[in-house]
Every structure is written in C-alpha cells, then in structure tokens.
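In: just to be clear, the model below is a prediction. Sequence and coordinates:
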Amino acid sequence: MTTSAQLFERACRRIPGGVNSPVRAFKGMDRSPVFMERAQGAYLFDVEGKRYIDYVGSWGPMITGHADPDVLGAVRERLDDGLSFGTPTAIETDMADLICEMIPSMDMVRMVNSGTEATMSAVRLARGYTGRDKIVKFEGNYHGHTDSLLVKAGSGAVTHGEPSSPGVPASLAEHTITLSYNDPDAVEACFEEIGDQIACIIVEPVAGNMNCIPPQPDFLETLRRVCDRHESVLIFDEVMTGFRVAMGGAQAHYGVTPDLTCLGKIVGGGMPVGAFGGRRSIMENISPLGPIYQAGTLAGNPLAMAAGIALLNKVREPGFHDALSQRAATLCEGLQTRADAAGIDMITQQAGGMFGIFFTGQSRVDNFAQATACDGDAFRRFFSAMLDQGIYLAPSAFEAGFMSSAHAPEDIQATLDAAETVFASMNQ
Ligand code: PLP
C-alpha cells in the first residue's frame, strides 16, 4: 500500500470521503487520491517525494506557480503584526483600489472568504436591488455551493452523478431557471416570457466547470442586451476567469461589461478570498449603506489581502497574459498533434490561461449536453496514465486545466512526451 493510500484510509475515518472538497477524492477515476506534501513553481511533490507537473494549480490561484516567493514574502512581512483584527485596515482599501483599477466595470467591491460567498452575495444583492426573485443560470455552470445556484451545476456535482443536490428546497430551486450555455435564442425566449420577473443572469463568461467551453460569438452580448431591456442585473462569475483569461478577466477579453462581477481564486493568491463588486448604484445598496445584508468575521483578512495584492501585482505586468496564453496554446496544439497521430478522437479548447481536453469525435464542444457526451472512459484512462507519468491533471473530465507562468518550455515538452506515450498505450 502506498503512503497516500494509507493516509487516505486514515482520512476516510474522520472526514466524509476523506476530503474537504469532493473532487479531491478522485471518485470516478478508479484510484485513490495522491496526498501532496509541498509544491514549488510548476510542481507538486507527493508524500513519497514523487514530482508532478501540475495543471490544477490549486484549482486556479497559482497562476505564477506554487510558493511564489513574492506572495510568500508579502505574507511573511505582515505575519508578526497579527492575523486578524476585526477592524478596518488600510490594506483592504489597497486591494479594493487595485481590483477596481484592473477591472474597470467595478466601481466598488466587497471582500469575502470564497467564491461561493461572492456569488451568493451578488445574487442576494441583485434580488434585493430589483425586488425580483427569479434568477437565470446555465446548465453545467458552477457558481459554488449556495442553494439557489446548486441547480444543474457542473464539475463536482456532475462527476458524482448528482446534477443537483438533496437539501436544496424545491421551493427555492423553482426560482432558478436553467438554460443551455451558448444558446442566445433560449435566453431571448425566456426573457420574452418572464423578463420582468428576473432579478439577474449569472454566467461563467468562459465555462470552466464542464471542462473548458468559451462563449460563442453573440452569447455574452445577448445576455447584456436582454438584461438592459428588462432591467435585470448581469452577473459575470469570474471566480475562475478573473485575472486568468486576461488581466481584466473575460469581460475585457470578450468586450462585454457586466453589472456585477464575482471573483475568487487568484484574487487571494492562494488564501481563502473572494470578492464581488460592480456598479456603484447597485453596490450602494449593501449594508451598512443600504438594506441588503452581507457580512464576514474574517472578510478582508490582512494576510489574505497581502497575498492577493502581491499576486495581482505580478499578473498586471505587461505581456503576462499573452505569454501565459501562448504557453497554453503550445500545450493544446502539441496534444492535438499527438492525439491525431495516434488516431485518438480528442480535441482541446482554450481561453487565455485555461484549457480543456475532450475525448470526442466532434470538432467543438459548446454546452453541457455535448460535454457529457464525451468519452468518459477515455478521459479516465488518460488521466490515470498521465498521473503515473508524473503529470497532474484535474481528476475529472468536467474541470478546466490551468497553465501557470512557472511552466517552462521543458515542462510543457515533458507533458507532451508523456501524452505521446499515453496515447499510444490507449490505442492498444
Ligand atoms: N464560481 C466558479 C466559476 C468556480 O469555479 C468556483 C469554484 O471552483 C466557485 C464559484 C466557488 O468558489 P469557492 O470554491 O471558492 O467557493
């Protein structure tokens, strides 16, 4: 038995499924998870000292690689001042200024502790602001595990065959309308019928929780148009795409401006941080300025702010995202060439520093139905054989992959060499 297997057995006695977030359990991958001990740059090191080239990046935050010395240094510098004060601190305004400068649609921002809190609070704000209950989301989009949004969600929920969750009251879920991603006609038709009851649309502007599915031309534009027409709030959930697809997020990349934006992952530099913000006229309705309640004991934590600011200052360096995107493109193109040569039905999709690998004979995957129609068994075999080769991919066919600026050309080449071996073995 490996050390990881022993640790997993022990964890399962006390922690449901042995993990504190379901996807980490490798369920559906026919093997137990690898326990990691430390991480550096593009690499994870497991408890037996084996090195992996990592394309998960702690599910997004590690965009400059693990244990970035600038991020660690910023945390170390503040550590001796104390962990949390429960009072205002100047560094929270430094963070707010930085976010609003990098994402110009955000006039004001409130810090929270996770992406889930960001989307939950943004939806409450949209409902309170409009005085309407109904919300629109898209099948396969995941916005965290808050009740209203855990309806036909992607990634973890799909991997485990639970498209929605028991415990979400039907009386709440009935206010959540779920439409197909990349289907502007369905959005138009829905708003035509009940637009005056809809508080908001919440969308992943690049879907990253049903693998990686970029928006088709006119999809995001249609969302903007119907929200304007019906005075509904457009919320971009940029927890994954923010600071990754482009410096200003997917909204900068695709040129569509939401009313509210949700952030997480990179904004905390690896610490538990989320944020939501947007138009001043909407944000001014949040407590204590307005009546819509939202709060957090540890929100705006100074160490977390220090980590996040240090990371954001690195990703706003000129040329950062072009280089990141180029690295992801090199990986995707290399995988495609090798899959084609081996006669494996596989395609890749990419948006900036995020990418997806689909085992399908189709030329494109645009929505949840198409994502779930891909060959799950082929993905499982690919994932497992790549792991054996020291390449750490997300243990689910419904998660995007993440490139970091720490991935050197040699790391990408080593990944492609491993894939070539694995594709050959999959054909036998
Ligand atoms: N929104 C998106 C797009 C996400 O990908 C995630 C998490 O993966 C969340 C929200 C929830 O964030 P958290 O896990 O920090 O609660």
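Out: It's in.

In: only C-alpha atoms from now on, for both contacts and neighbour counts.
Out: OK.

In: show me what contacts Gly18?
Out: Phe8, Glu9, Arg10, Ala11, Cys12, Ala25 (CA atoms under 8 Å, 6 or more residues apart in numbering).

In: who wins on neighbours among those?
Out: For the contacts of Gly18, the largest neighbour count, defined by other CA atoms under 10 Å, is 20 neighbours, found at Phe8.

In: that one contacts Pro33, doesn't it?
Out: Yes - counting by CA atoms under 8 Å, Phe8 touches Pro33, with 7.3 Å between them.

In: the host helix or strand of Thr421 packs against which elements?
Out: Counting by DSSP states H and E, the element that carries Thr421 is helix 409-426. Packed against helix 409-426 by the contact rule (3 or more CA pairs under 8 Å, 6 or more residues apart in numbering; DSSP states H and E) you find helix 320-342, helix 376-388.

In: give me the contact list for it.
Out: 42, 53, 327, 330-331, 334-335, 338-339, 342, 344, 378, 381-382, 385-386, 389, 391.

In: buried only: go through those for me.
Out: 42, 53, 327, 330-331, 334-335, 338-339, 342, 344, 378, 381-382, 385-386, 389, 391 (16 or more other CA atoms under 10 Å).

In: kindly report the residues of the stretch 151-300 of the chain close to the ligand.
Out: Counting by CA under 6 Å from any ligand atom, the residues of the stretch 151-300 of the chain lying close to the ligand are Glu204, Asp237, Val239, Met240, Gly264.

In: since we're on the last one, how many residues are nearby?
Out: It refers to Gly264. By other CA under 10 Å, neighbour count at Gly264 equals 33.

In: return the per-residue confidence for it.
Out: As predicted, Gly264 sits at a pLDDT of 98.

In: repeat for the first one
Out: Model confidence at Glu204, given as pLDDT, is 98.

In: and what of the third one?
Out: On pLDDT, Val239 comes in at 98.

In: can you list the weak-confidence ranges in the stretch 251-400 of the chain?
Out: Along the stretch 251-400 of the chain, no part satisfies pLDDT under 70.

In: hey, where'd the strands end up in the stretch 101-250 of the chain?
Out: 108-112, 134-138, 176-179, 198-203, 233-237 (DSSP state E, counting those that start in this stretch).

In: hang on, Asn427 packs against Ile344?
Out: Yes - the criterion here is CA under 8 Å, and Asn427 meets it with Ile344 at 7.5 Å.

In: follow-up on the earlier one: tell me which of the helices and strands packed on helix 409-426 lies nearest to the ligand.
Out: helix 320-342 (18.6 Å; CA to the nearest ligand atom).

In: next helix or strand past the closest one?
Out: Following helix 320-342 in sequence order, the next helix or strand is strand 347-351 (DSSP H and E).
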